[in-house]
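J.: have a look at this fold, sequence not included:
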């Protein structure tokens, strides 16, 4: 069974950068996508970025600012976040799923515990 553990969250001022990591352990036969989701205060969880077989897709709100990548040798997923805005404040979750290139949480069945990102103005 696969386990996902996020790290790298923290507090940063607007315009700053953070890099989130998601350590993947165990096996997930048939895994096709890894993704980042986030849930801000009082908001529903939303998809941020997904990577599937070297293809990527981003939410409009983060395009040009966030970059998703993975290092298969290290079994780690990353989210580089630049030009952070206060509205990026949220708990960020790593997820794995068997479907290809979806940013909808219904298509993911393995989740990490999350890492908090707080952006101050």
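T.: Good, I have the coordinates. On a predicted model such as this, the values are computed, not experimentally measured, just so you know. Numbers count the residues shown, from 1 in each chain.
J.: and the closest residue to residue 48 other than its chain neighbours, what element?
T.: Distance criterion CB to CB, 6 or more residues apart in numbering; nearest residue to residue 48, sequence neighbours excluded, is residue 36 at 4.4 Å. For glycine as for every other residue, the C-beta is placed from the backbone atoms N, C-alpha and C. Assigned by DSSP states H and E, residue 36 falls within strand 33-39.
J.: list the contacts of that strand.
T.: Here strand 33-39 makes contact (CB atoms under 8 Å, 6 or more residues apart in numbering) with 20, 22, 24, 45-52, 68, 70, 77, 79, 88, 90-103, 105, 107-108, 114, 117.
J.: one step back: what bridges to the residue nearest to residue 48?
T.: residue 49, residue 94 (DSSP bridges).
J.: ok now the strand holding residue 36, how far from the chain's centre?
T.: Relative to the centre of its chain, strand 33-39 is centred 4 Å away, using CA atoms, centre = their mean, to the nearest Å.
J.: tell me which residues in that strand are buried?
T.: By 16 or more other CB atoms under 10 Å, the buried positions in strand 33-39 come out as 33, 34, 35, 36, 37, 38.
J.: return the closest of these with respect to residue 84.
T.: The shortest gap between residue 84 and any of those belongs to residue 38, at 12.0 Å (CB to CB).
J.: how close does the closest one get to residue 111?
T.: Look at residue 38 and residue 111: by CB to CB, to the nearest Å, they are 12 Å apart.
J.: shared neighbours of the two, anything?
T.: Counting by CB under 8 Å, 6+ apart, the common neighbours of residue 38 and residue 111 are residue 93.
J.: now the helices for the protein?
T.: Applying DSSP state H to the chain gives no helices.
J.: quick test: name the residue nearest the centre of it.
T.: residue 36 (2.1 Å; CA atoms, centre = their mean).
J.: just the pLDDT for that one.
T.: At residue 36, the model reports a pLDDT of 98.
J.: same question for residue 13.
T.: 98.
J.: ok, and the closest non-adjacent residue to it?
T.: Here the residue nearest residue 13, using CB to CB, 6+ apart, is residue 120, at 5.5 Å.
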